[in-house]
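>>> Structure for the following, please:
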Amino acid sequence: MAAQVDAEKCTGCEECVDVCPCDCIEVKDGTAVVDEDSCSDCGSCTDVCPSEAITLE
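Okay, the predicted model is just below:
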């Protein structure tokens, strides 16, 4: 299970990047991208995403 980003909802605000303890999220071309192999499924990114674009699946 790793964080999944809905590219249509993501605004590229980078709030998820700032809170990720694993440093596995970066914004590319205005959309957050998660390195699924590094994601610890902590949920920090889902808690701060203002557009609710990130889910844990």
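>>> Quick one: the strands in the protein, in order.
3-5, 25-28, 31-34, 54-56 (DSSP state E).
>>> mind putting the ones you listed in CSV, distance to residue 45, mean neighbour count and mean pLDDT included?
For the C-beta atoms, the positions are set from N, CA and C on the backbone; glycine is no exception. As requested, those are exported to CSV (distance: least, Cβ to Cβ, whole Å; neighbours: other Cβ atoms under 10 Å; pLDDT from 0 to 100):
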stretch, distance to residue 45, mean neighbour count, mean pLDDT
strand 3-5, 5, 20, 97
strand 25-28, 6, 15, 98
strand 31-34, 8, 19, 98
strand 54-56, 5, 17, 96
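>>> how about those strands in a markdown table, adding distance to residue 14?
Shown next, in a markdown table, are those (distance: least, Cβ to Cβ, whole Å):
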| stretch | distance to residue 14 |
| --- | --- |
| strand 3-5 | 12 |
| strand 25-28 | 5 |
| strand 31-34 | 8 |
| strand 54-56 | 12 |
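>>> among these, which is nearest residue 17?
strand 25-28 (5.0 Å; Cβ to Cβ).
>>> name the helices or strands packed onto the closest one?
Strand 25-28 sits against helix 15-19, strand 31-34, with contacts defined as 3 or more Cβ pairs under 8 Å, 6 or more residues apart in numbering; DSSP states H and E.
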